[in-house]
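Visitor: compute the structure for the input listed below.
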Amino acid sequence: MLFSILQHTPDKFIPTFLMRWFEKYTNKRLAQLKSDVIRKRWQTIELEKAIDKIHNKQQD
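Guide: Alright, predicted model coming up:
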């Protein structure tokens, strides 16, 4: 809810310290989300490799 209020408030009415905090928070959250995406991609690749390995063993 706070983010929605900040989004619709003109910049000149938002204190500088609050804008800095908001920017720091969003940057940190974005970095976390990017890390999560990379981790999920890695897990998907590893699972696909395991499935391929199982299929290859079954075909032998």
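Visitor: now do Tyr25, the pLDDT please.
Guide: Among the per-residue scores, Tyr25 holds a pLDDT of 92.
Visitor: which neighbouring elements make contact with the helix or strand hosting it?
Guide: Secondary structure here is read from DSSP states H and E; on that basis Tyr25 sits in helix 16-59. Contact partners of helix 16-59 among helices and strands, from 3 or more C-beta pairs under 8 Å, 6 or more residues apart in numbering; DSSP states H and E: helix 2-8. No exception for glycine: its C-beta is placed from N, CA and C like everyone else's.
Visitor: contact partners for Glu23?
Guide: Taking C-beta atoms under 8 Å, 6 or more residues apart in numbering as the criterion, Glu23 is in contact with no other residue.
Visitor: how far away is it from Thr16?
Guide: Here the distance between Glu23 and Thr16 works out to 11 Å (C-beta to C-beta, to the nearest Å).
Visitor: okay, and the common contacts of the two?
Guide: When C-beta under 8 Å, 6+ apart defines a contact, no residue borders Glu23 and Thr16 alike.
Visitor: which residue is the nearest non-sequential neighbour of Met19?
Guide: Beyond its immediate neighbours in the sequence, the residue positioned closest to Met19 (C-beta to C-beta, 6 or more residues apart in numbering) is Asp11, lying 7.4 Å away.
Visitor: can you read off the pLDDT for the residue nearest the centre of the chain?
Guide: With distances taken as C-alpha atoms, centre = their mean, Leu33 lies nearest the centre of the chain, 1.1 Å away. At Leu33 the predicted local distance difference test score is 98.
Visitor: Arg39 versus that one, what's the distance?
Guide: According to C-beta to C-beta, Leu33 stands 11 Å off from Arg39.
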